[in-house]
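> Any chance you could fold what I've pasted below:
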Amino acid sequence: LELELELELELELELELELELELELELELELGRPVSWLFLRGLRTLGVRVILRPRKNNQETYRMFRILDESLELNRRLAGVVTLIARSDTNLASQIRRAGVSVALNLAEGNGRAGKDRIRFFRMARGSAMEVETGLRLAEIWGNAEPSALSGAQESADNLCRMTAGLVRT
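Numbering: from 1, shown residues only. Coordinates of the predicted model:
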């Protein structure tokens, strides 16, 4: 029995399955097209654990694009603010900058992952956004920058905290 399927597989190894081998594999399929249940049953017969995941829909892709875009906007706004804060507190400025970069990088990496791993990266991004928010409030409290200079970055960080909270729930 030969089946031709066009599937997007998230596997790093190409495996050849032989009926004589006992296999303990986990195969994750992101389905974009209908797959024959006979094919899936055949994989299960070989000992392959099959996990089916629905293909990402356009709404999820659009939402992720908006969040990544917002994280880049946060970093644009932080560039000037961090320079201003660094005049009086280089450590705080460095921490805010690293947290801002962490938001964007964790969102991007999480977007490329699946399952619990994906959620873990989104949680780290949310934590970093909260860190930026707190760092900016500290800069204001300690007089490192005027509130008007921080408002754009604070707004962006606040938006990201809300947006990433939604990602963690999905």
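> looking at it, Val81 is touching Leu136, isn't it?
Yes: with contact defined as C-beta atoms under 8 Å, Val81 reaches Leu136; the gap is 7.2 Å. (C-beta placed from N, C-alpha, C; glycine too.)
> Mutual contacts of those two, please.
Ile96, Leu150, Ala153 (C-beta atoms under 8 Å, 6 or more residues apart in numbering).
> which non-adjacent residue is nearest the last one?
Using C-beta to C-beta, 6 or more residues apart in numbering and skipping residues adjacent in sequence, the residue nearest Ala153 is Arg77, 4.2 Å away.
> buried sites along the strand or helix carrying the one you found?
Using DSSP states H and E, Arg77 sits within helix 58-86. Burial within helix 58-86, assessed by neighbour count using 16 or more other C-beta atoms under 10 Å, is assigned to 64, 67-68, 70-75, 77-78, 81-82, 85-86.
> do the same with stretch 128-136
Ser128, Ala129, Met130, Glu131, Val132, Glu133, Gly135, Leu136.
> what's the spacing between the residue nearest to the third one when sequence neighbours are not counted and Arg126?
Going back to what we said before, that points to Met130. Computed as C-beta to C-beta, 6+ apart, the closest residue to Met130 that is not its neighbour in sequence is Cys161, at 5.8 Å. Computed as C-beta to C-beta, to the nearest Å, the Cys161 to Arg126 distance reads 6 Å.
> mind listing the helices for the protein?
Counting by DSSP state H, residue ranges of the helices within the chain are 37-45, 58-86, 90-111, 115-141, 147-169.
> Mean pLDDT added to those helices, as JSON lines?
Output for the helices of the chain, formatted as JSON lines (pLDDT from 0 to 100):
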{"stretch": "helix 37-45", "mean pLDDT": "64"}
{"stretch": "helix 58-86", "mean pLDDT": "86"}
{"stretch": "helix 90-111", "mean pLDDT": "95"}
{"stretch": "helix 115-141", "mean pLDDT": "94"}
{"stretch": "helix 147-169", "mean pLDDT": "91"}
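> check contacts around the spatially closest residue to Arg87 that is not a sequence neighbour.
Setting aside the residues directly before and after it, Arg87 is nearest to Asn144 in space (C-beta to C-beta, 6+ apart), at 7.7 Å. Applying C-beta under 8 Å, 6+ apart, one finds that Asn144 lies in contact with Leu84, Ile85, Arg87, Ser88, Asp89, Leu92, Ala93, Leu138.
> same question, Ile85
Leu92, Ala93, Ile96, Ala139, Asn144, Ala145.
> Tell me how far the fifth one lies from Arg137.
In other words, Asn144. In terms of C-beta to C-beta, Asn144 sits 11 Å off from Arg137.
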